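[1] Predicted model follows, preceded by the sequence.
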Amino acid sequence: MEDVIRLTLLIIGSIGSSGAIILGMSNWLGKVWADRLIEQERAKLKSYEEALVRKRDVYTKLAINMRVFLNSHELTKSDRREKFLEAYDEAYIWASQEVIENMDKFIELIQAHTAMAGSVPEQEKRDAYAACLHAMRKDSGYPQSKQCYRVASF
């Protein structure tokens with residue numbers, strides 16, 4: 001009978017100590033995995049925030065310089081046109097598909113107007129400009145934005 005009790009205590013003792021070791025190791029491994037996941041998420045968030053800041057800078061330059069193509073501004077401002085082209089090249093890298101598509105429509109209208117003055121109504125150019133700005137706003141952190149940009153000139 002003593003042998004049975006001793007054997008039972010040995011079994012319970014070995015299971016208990018191995019269980020404690022397994023529990024300790026799994027706790028440590030769980031913390032290592034959790035820390036890695038947290039670091040990965042932090043890196044993704046930082047990358048997203050940096051891209052968002054970059055997009056906002058690019059979109060600001062683009063919006064300011066594309067306004068020169070509306071009739072309320074002088075079309076002879078070649079420095080603004082050059083800045084627009086630089087900003088457009090930069091935006092092509094950073095912009096969302098929606099922004100690029102709206103920019104393509106705007107550029108097509110400007111090219112048609114340049115080829116034949118007066119062939120594109122000013123309101124159509126203004127609407128395309130406003131659509132571009134609205135798409136940029138949605139892509140730079142305000143995806144629920146419903147209000148379209150109102151083109152104002154004085």
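    Yep, it's here.
[2] Helix or strand with the lowest mean pLDDT in this protein?
    helix 2-66 (a mean of 83; mean pLDDT, DSSP states H and E).
[3] Leaving out sequence neighbours, find the closest residue to the residue nearest to the spatial centre of the chain.
    In the chain, the residue lying closest to the centroid (Cα atoms, centre = their mean) is Leu52, at 5.0 Å. Of all residues not flanking Leu52 in the chain, Gly141 sits nearest, at 5.7 Å (Cβ to Cβ, 6 or more residues apart in numbering). The C-beta positions use only the backbone N, C-alpha and C, and glycine is treated the same way.
[4] tally of neighbours for the one you found?
    12 (other Cβ atoms under 10 Å).
[5] Check whether it really touches Arg56, as I assumed.
    Yes - the criterion here is Cβ atoms under 8 Å, and Gly141 meets it with Arg56 at 7.5 Å.
[6] circling back to that earlier point, got a pLDDT number for the residue nearest to Leu52?
    Gly141 is assigned 86 on the pLDDT scale.
[7] same deal with the one 10 residues further on?
    Residue-level confidence at Val151 comes out at 74, pLDDT.
[8] what's the answer for Glu82, then?
    Value for Glu82, per-residue pLDDT: 84.
[9] The one 3 residues further on too?
    Confidence per residue is given as pLDDT, and for Leu85 that number is 88.
[10] who touches it in this structure?
    With contact set as Cβ atoms under 8 Å, 6 or more residues apart in numbering, Leu85 has no partners.
[11] mind checking the SS state of it?
    helix (DSSP: H, G, I helix; E, B strand; the rest coil).
[12] again, but for Tyr142
    When classified by three-state DSSP, Tyr142 comes out as coil.
[13] And it, how close does it get to Ala43?
    Counting by Cβ to Cβ, to the nearest Å, the separation of Tyr142 from Ala43 is 24 Å.
[14] I'd assumed Glu90 was in contact with Lys61.
    Yes - contact criterion Cβ under 8 Å: Lys61 and Glu90 qualify, at 7.3 Å.
[15] Before I go, just wanted to say thanks for your time.
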